[in-house]
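Engineer: okay, here's the prediction I keep looking at, along with the sequence it came from:
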Amino acid sequence: MIARHLRLAATAIAATVFATQAAATPLSTQQILHEFNAVVLTDVNSQSHVDGRTWVGGTATGGDYAQHVNDMPASSYAGLTVMGNAREVKVNAGGAVIGGNLNGASINAGSGVIYGDVRNSNLNGAAWIGGSLSASNTNGGRVAARDSAMQANADAAHSTDFSASLGALSASLSQMAGTGSTVTFNGYGKATFNAVANASGVAVFNLIDAGVFKASEFEFNLGDATTVILNASDDSATIGANFLGGSAQTLGSKLIWNFRNATSIVTNAQFGGAILAPSARLTNNQNIEGGVFVKSLDQRGELHLQAFDGSLHPIPEPASGALLLAGLLMLALTRRRTS
């Protein structure tokens, strides 16, 4: 009992440091969409892999992360950042920052910063561990103090209020006026997206009650558009359309599907583009060519790295006060989960 209380005390102290250490510069929304393959505001349950960088605001169970290190955009964030506990995760590049406990995991490349306990895990780079270590291999050594790379990852982990930033982005995009872009349907279940770009190369589709997600095929005529915003009003969406002509892959870095109101999204076919749905649980039964920025994720297909390279409509970035509040809330959450 005494040992357990000591471990809890150590975890609480580590969590306090995690929430109050020096803050790095917050990311802009453009940077978030470019640097991350996945940002999940609460929990992830994964049976597949993510090519690029991932940030998880709650817990992470399963998954294979940061598989394509040479394609990942530069960032101060680790390959995998989890603000709560992580279990049975595998990190292939960029190291990891774990705000709670780590169990049954492998960090194959890069350093580890783990604020809680580590059990049944393989840490092949140097590791700073705030709690206890048991039944684990620390092949890179357990260090008493974080080096500069570890500290940069740790500082970055909590520097951006992802919930506020993604929520503000989604709200802002949903208010954008259409640019004259239209969707046409034929009698065989094909929806054709005909983009009209503004002077900045941005095309906006406002898909209000358009029935787009009932289509079985998607075709895209982008013209001069270099960024395409597709605003959906649906409370939920089940998407099984085939992206014709390999467009899921060729357009994945240019499309943003903005589900402002959705609480549930299911993809049943290969999907292309970034999914922005800060209030939704996403279940992807097939691969996604692009980033996912959602409330929670049930990952069953792969997330392929298509770093967003378009241009976002300017929106105000969240104030520093929101970041402080987010840090305090995360501290309370971490304490609760490790007790």
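Structural biologist: On my side now, so go ahead.
Engineer: what segments of this structure are helices?
Structural biologist: 2-20, 29-35, 148-157, 162-174, 247-250, 320-337 (DSSP state H).
Engineer: packing partners for the third one?
Structural biologist: The helices and strands touching helix 148-157, judged by 3 or more CB pairs under 8 Å, 6 or more residues apart in numbering; DSSP states H and E, are strand 80-82, strand 96-98, strand 112-114. From N, CA and C alone the C-beta is placed, and that goes for glycine too.
Engineer: put together TSV for those strands, with mean neighbour count, mean pLDDT and distance to residue 307 on each row.
Structural biologist: Written out in TSV, the entries for the helices and strands packed on helix 148-157 read as follows (neighbours: other CB atoms under 10 Å; pLDDT from 0 to 100; distance: least, CB to CB, whole Å):
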stretch	mean neighbour count	mean pLDDT	distance to residue 307
strand 80-82	30	98	17
strand 96-98	30	98	20
strand 112-114	27	97	24
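Engineer: can I get the ones you listed in TSV including distance to residue 27?
Structural biologist: Rendered in TSV, the data for the helices and strands packed on helix 148-157 read as follows (distance: least, CB to CB, whole Å):
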stretch	distance to residue 27
strand 80-82	12
strand 96-98	15
strand 112-114	19
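Engineer: those strands: which one's closest to residue 290?
Structural biologist: Closest approach to residue 290 among the helices and strands packed on helix 148-157 (CB to CB): strand 80-82, 18.7 Å.
Engineer: on contacts alone, who are the packing partners of that closest one?
Structural biologist: With contacts defined as 3+ CB pairs under 8 Å, 6+ apart, the secondary structure elements packing on strand 80-82 are strand 54-56, strand 96-98, helix 148-157.
Engineer: run me through the strand neighbours of it, direction for each.
Structural biologist: Strands that pair with strand 80-82, judged by DSSP bridges, come out as strand 54-56 (parallel), strand 96-98 (parallel).
Engineer: where does pLDDT dip in this protein?
Structural biologist: For the chain, applying pLDDT under 70 flags the ranges 1-23, 313-339.
Engineer: domains of it?
Structural biologist: 2-40+52-161+318-337, 168-304 (automatic domain parsing).
Engineer: identify whichever of these lies nearest to residue 311.
Structural biologist: Residue 311 lies closest to domain 168-304 among those, at 5.1 Å (CB to CB).
Engineer: quick one, longest strand in this protein?
Structural biologist: Longest strand in the chain by number of residues (criterion: DSSP state E): strand 274-284.
Engineer: center of the protein - which residue?
Structural biologist: Central residue of the chain (CA atoms, centre = their mean): residue 39, 1.4 Å from the mean position.
Engineer: before I go, just wanted to say thanks for your time.
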